[in-house]
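> the following comprises the amino acid sequence and a computationally predicted model.
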Amino acid sequence: MSINNENENPLGYKNEGKLLVGFAIPCIISMLVTALYNIVDQIFIGQGIGMLGNAATNIAFPLSTTCTAISLLLGIGCATNYSLHLGAGEKKESEKYAGNGIILMAIMGIFLFLITTIFLTPMLKFFGATPDVLPYAEAYTRITAIGFPFLIANTGMSKLILADGSPNYSMTSMLIGAIVNTILDPVFIFVFKMGMTGAALATIIGQIISFCISLRYMFHFKNIKLSKSSFTVSLHHWKNIFILGASACFNQIAMTVVQIVMNNTLAHYGAMSVYGGDIPLACAGIITKVNMIFMSFVIGISQGTQPVIGFNYGAKKYKRVRKTYLLALAAASGLSLIAFVCFQVFPRQIISIFGNGSELYFKFSERYFRIYMFLTIINGIQPVTSNFFNSIGKSRLGVFMSLTRQILFLLPLIIIFPIFMGIDGVMYAGPIADAAAAIVCGYFTIRELKELKNLEKSLEAAVI
C-alpha cells in the first residue's frame, strides 16, 4: 500500500532532475574512484615497471570485476529492497535487508580471499598469463587478495548509504581511499622500489580506510536504526537480495568471463601475428581500464536513479519513475558522444599516459581503440536500462538486459570472428555487439514505458 511520504522523504516530491544530479554525481565519483584504483596502478606500473607490468594488471583484472560483481549483487540487492520497502512505509523490512546484506558481504569477501589465495597460480594461468607475465601477476594479486573482503563490504555498503539518502557520504568514503592509494603508489613503487608488491599494498591500504569510513555509517542511518534483530539471518531476505542484485552482478560476471576469453584469444592469435602475445594483452588491458572511466559516468548515472526510481515505484508515482529514467538515458547518451570523440581522435595520446612502447605497440593500440570502441556512442543505453528494470523490481528483465552485450553477443563473436579474421576479429566484435544490445534494450524499454503510462492513467481514473 502506498503512503504519502512527501513531507518526510524528498525522493517522493523533489524535482526529478535535481534528484538525479544530487544522487548521480556522488555515484559517478564513487565509480570513478573504483576505476581510479585500477587506472592509477596501471599508470605507475607502466611508468615504473613497463609493458609486462601492464599486462599483469590486465591478467589480474577479472578478480577485480569479480569483487565488483559480488559487491553489486549484495549492495544493489540490499539497496533496491531497502528503497522499495522504504517507499511503501515498511521501515522494519528495510532494516532487515540492511542487516542481512552486511552479513552476506562479510561472508562472500572472506570466501573470495581464501579461494584466490589457495588457487592463485592456476587461476592466473587460466586468465591468460604468459610465462613472462605470470611472476608480475602473482606478486600483484597475492597482496590485493587481502583487500577483497574490505573492497566488497565497502562497495556494497556504499549502495546502502546511497539508498538511505546520503550520496555525499558514500562518495567521500570511496574518494578518501582513492586519494590514499594515489599518494602511496609512487612512494612504494619509485621511492621504496617495491614494484608490483608496492602497487598492491597501496591499493589495499586505501580500501581498508574506505571500509572503515563506510562501516561508521552503518550505526548512523537517517531513515532506519539497526538493532540485533536486523542481523538475524533470514533466507527469505537473502533470496530477495540475490534476486534484485542479480542484474548488476551478472553484468560484471559477464565482463569477467569476456575478459578471460579475450585475454586467451589475444594471447593466442597475437602470437600468430606480427604483434606477439604480450603487446595485445598490454594494450587491451589499458583500453579496458580507460573504458572503465567512461563507463563509470554511465553506471554512476544509472545507479543514481535507483533510490529515486525504487522509492517512487514503491509509492506508485509512475510519472516520476518514467521521467527519471528518460533524464538518465539522455545524460548517459550525451556522455557517450563525448567519449566517442575522445576515443576516435586521441587514441595515441591516451595510450601514451600509460608508458612508452615500440611503434608496433602504438600501432596496435590505435587500431584497437578506434575499431573496438567505434560504437561507444550508444553504450549508455544498456546499463541505464538494465538498472531501470532492476529498480522497479523486474529482476528477470534486468538480468536479461545486463547479459545482452557481453554474453549473448560479444562472447560468441570474439570466439568466432578471430577464426576467420585473426586478431582483428576481436576488434570488430565490439561494435557489432554494441549495436545488437542497443536494439534489444530499445525494444523492451519502449514496451515498459507504455506500461508505466497505462498504470499512471489507471491511478488517475481511480482518483476521479
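Nice, thanks for sending it over.

> where's residue 377 relative to residue 339, distance?
Residue 377 is 8 Å from residue 339, where distance means CB to CB, to the nearest Å. Where C-beta positions appear, they are placed from N, C-alpha and C, glycine not excepted.

> hang on, I meant residue 241
Counting by CB to CB - residue 241 and residue 339 are separated by 32 Å.

> output stretch 164-171 as PDB, restricted to C-alpha atoms.
Taking Å, rounded to 0.1, in the frame of the first residue of the first chain, the C-alpha atoms of stretch 164-171 are listed here in PDB:
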ATOM      1  CA  ASP A 164      19.400   6.000   2.700                       C
ATOM      2  CA  GLY A 165      19.700   9.400   1.100                       C
ATOM      3  CA  SER A 166      23.400  10.200   1.800                       C
ATOM      4  CA  PRO A 167      25.100  10.200  -1.500                       C
ATOM      5  CA  ASN A 168      27.900  12.600  -0.400                       C
ATOM      6  CA  TYR A 169      28.900  10.300   2.500                       C
ATOM      7  CA  SER A 170      29.000   7.400   0.100                       C
ATOM      8  CA  MET A 171      31.200   9.400  -2.300                       C
END
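
> any idea how far that stretch is from the chain center?
Centroid separation for stretch 164-171 versus its chain: 18 Å, with CA atoms, centre = their mean, to the nearest Å.

> all helices for the stretch 201-350 of the chain, in order.
Using DSSP state H, counting those that start in this stretch, the helices found in the stretch 201-350 of the chain span residues 235-271, 278-314, 318-345, 347-352.

> neighbour count for residue 241 and residue 339, which is higher?
Neighbour totals were compared for residue 241 and residue 339, and residue 241 leads with 25 against 21 (other CB atoms under 10 Å).

> wait, the more buried one touches residue 101, no?
Yes - counting by CB atoms under 8 Å, residue 241 touches residue 101, with 5.8 Å between them.

> which residues are in contact with both of those two?
74, 77-78 (CB atoms under 8 Å, 6 or more residues apart in numbering).

> show me which of these is closest to residue 392.
Set against residue 392, the nearest of the shared contacts of residue 241 and residue 101 by CB to CB is residue 77 (14.4 Å).

> give me the pLDDT for the closest residue to the closest one other than its chain neighbours.
Spatial nearest neighbour of residue 77, chain neighbours left out: residue 245 (2.6 Å); criterion: CB to CB, 6 or more residues apart in numbering. Predicted confidence (pLDDT) at residue 245: the value is 83.

> next up, the contacts around residue 245.
72-78, 80.

> quick one, what contacts the nearest residue to residue 68 once chain neighbours are set aside?
What sits nearest to residue 68 in space, not counting adjacent residues and going by CB to CB, 6+ apart, is residue 252, at 4.9 Å. Contacts for residue 252 (CB under 8 Å, 6+ apart) come out as 65-66, 68-69, 72.

> over to residue 144?
Residues near residue 144 by CB under 8 Å, 6+ apart: 60, 63-64, 200, 203-204.

> hey, where'd the strands end up in this protein?
Counting by DSSP state E, the chain has no strands to list.

> can you pull the phi/psi pair for residue 357?
Torsion angles at residue 357 (phi, psi; degrees, to the nearest 10) stand at phi -170, psi -180.

> tell me the pLDDT of the closest residue to residue 367 other than its chain neighbours.
Leaving aside its sequence neighbours, residue 367 sits nearest to residue 427 (CB to CB, 6+ apart; 6.7 Å). pLDDT for residue 427: 88.

> kindly report the same for residue 1.
Model confidence at residue 1, given as pLDDT, is 39.

> mind checking which of the shared contacts of residue 241 and residue 101 are in helices?
Those of the shared contacts of residue 241 and residue 101 mapping onto helices are 74, 77-78, per DSSP state H.

> burial count for the residue lying closest to residue 422 once chain neighbours are set aside?
Leaving aside its sequence neighbours, residue 422 sits nearest to residue 269 (CB to CB, 6+ apart; 5.5 Å). Per other CB under 10 Å, the neighbour tally for residue 269 reads 20.

> wait, isn't residue 269 in contact with residue 419?
No - with contacts counted by CB under 8 Å, residue 269 stays clear of residue 419, the gap being 9.2 Å.

> flag the shaky bits of the stretch 351-464 of the chain, pLDDT-wise.
For the stretch 351-464 of the chain, residues meeting the criterion pLDDT under 70 lie at 463-464.

> that should have said the chain, apologies.
1-8, 34, 36-38, 463-464.

> now the contacts of residue 252 in JSON lines, with neighbour count and distance to residue 107?
Compiled in JSON lines, the contacts of residue 252 are given as follows (neighbours: other CB atoms under 10 Å; distance: CB to CB, whole Å):
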{"residue": "65", "neighbour count": "22", "distance to residue 107": "20"}
{"residue": "66", "neighbour count": "20", "distance to residue 107": "15"}
{"residue": "68", "neighbour count": "24", "distance to residue 107": "17"}
{"residue": "69", "neighbour count": "22", "distance to residue 107": "15"}
{"residue": "72", "neighbour count": "26", "distance to residue 107": "16"}
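
> inside helices: which ones of those?
Using DSSP H, the contacts of residue 252 in helices are 65-66, 68-69, 72.

> can you add distance to residue 118 and give those residues back as TSV?
TSV is the format used below for the ones in helices among the contacts of residue 252 (distance: CB to CB, whole Å):
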residue	distance to residue 118
65	20
66	15
68	21
69	20
72	24
